[in-house]
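A.B. asks: Here you go, sequence then predicted model.
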Amino acid sequence: MDPTLHDGEHLFINKLSTPKRFDIIVFPAPDEKGAEYIKRVIGLPGDKVEYKKDTLYINGKKYDEPYLEGEKEKVANGYLTNNFKLEDLPAVKNAKVVPKNHLFVLGDNRRISKDSRYIGFISEDDVIGKVISFGSSLKR
């Protein structure tokens, strides 16, 4: 989740709230036993998600992602987020929209993030919690 989150930071999560678009959530890694992933909610149930020329579109509407601006400036060649439509991603099995009770998540470190583009949709039931606060490591 770099540049938003960094190694050694402590997270506080709300286990009772329902994640909304652009919230950062924690969930069990579906491909790594005992691990957890931290990703940003991009698509909600029923959403059609796509990227064109490094721009997010949800249900045809353009969305800004200010949390990525610094990283986009560092990319000399190409895009931070490659172009895609949901149905083009093998991990989501040709789905045109985010299925009921599921989320489409992306990491902020788009070039190397293991997210819904590679691991598929995340069940809302698997969400451990929504990140409500983060900061540098706590001193004792």
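C.D. replies: Done, it's in.
A.B. asks: tell me how far the longest helix anywhere in the chain is from the chain's mean position?
C.D. replies: In the chain, assigned by DSSP state H, the helix with the most residues is helix 69-74. Centroid separation between helix 69-74 and its chain, computed with C-alpha atoms, centre = their mean, to the nearest Å, is 17 Å.
A.B. asks: Go through that helix and flag the buried ones.
C.D. replies: Residues Glu71 are the ones in helix 69-74 that count as buried (16 or more other C-beta atoms under 10 Å). In this view, the C-beta of every residue, glycine as well, is placed from N, C-alpha and C.
A.B. asks: Which elements pack onto it?
C.D. replies: With contacts defined as 3 or more C-beta pairs under 8 Å, 6 or more residues apart in numbering; DSSP states H and E, helix 69-74 has no helix or strand neighbours.
A.B. asks: With Ile119 as the reference, measure out to Asn94.
C.D. replies: 16 Å (C-beta to C-beta, to the nearest Å).
A.B. asks: Counting neighbours, go ahead and name the busier of the two.
C.D. replies: More crowded of Asn94 and Ile119, by other C-beta atoms under 10 Å: Ile119, with 18 against 9.
A.B. asks: and the nearest residue to the more buried one once chain neighbours are set aside, how many residues sit next to it?
C.D. replies: Closest residue to Ile119 apart from its sequence neighbours, by C-beta to C-beta, 6 or more residues apart in numbering: Pro30 at 5.3 Å. Look at Pro30: counted by other C-beta under 10 Å, it has 15 neighbours.
A.B. asks: Pro30 is in contact with Gly120, isn't it?
C.D. replies: Yes. Using C-beta atoms under 8 Å, Pro30 is in contact with Gly120, at 7.2 Å.
A.B. asks: if you go through this protein in chain order, where are the helices?
C.D. replies: Going by DSSP H, the chain shows helices at 69-74, 116-119.
A.B. asks: least reliable of those helices going by mean pLDDT?
C.D. replies: Lowest mean pLDDT within those: helix 69-74, a mean of 81.
A.B. asks: mind checking how far the residue nearest to the spatial centre of the chain is from Val49?
C.D. replies: Compute the mean C-alpha point of the chain, and by C-alpha atoms, centre = their mean the closest residue is Leu106, 2.3 Å away. Relative to Val49, Leu106 is positioned 9 Å away (C-beta to C-beta).
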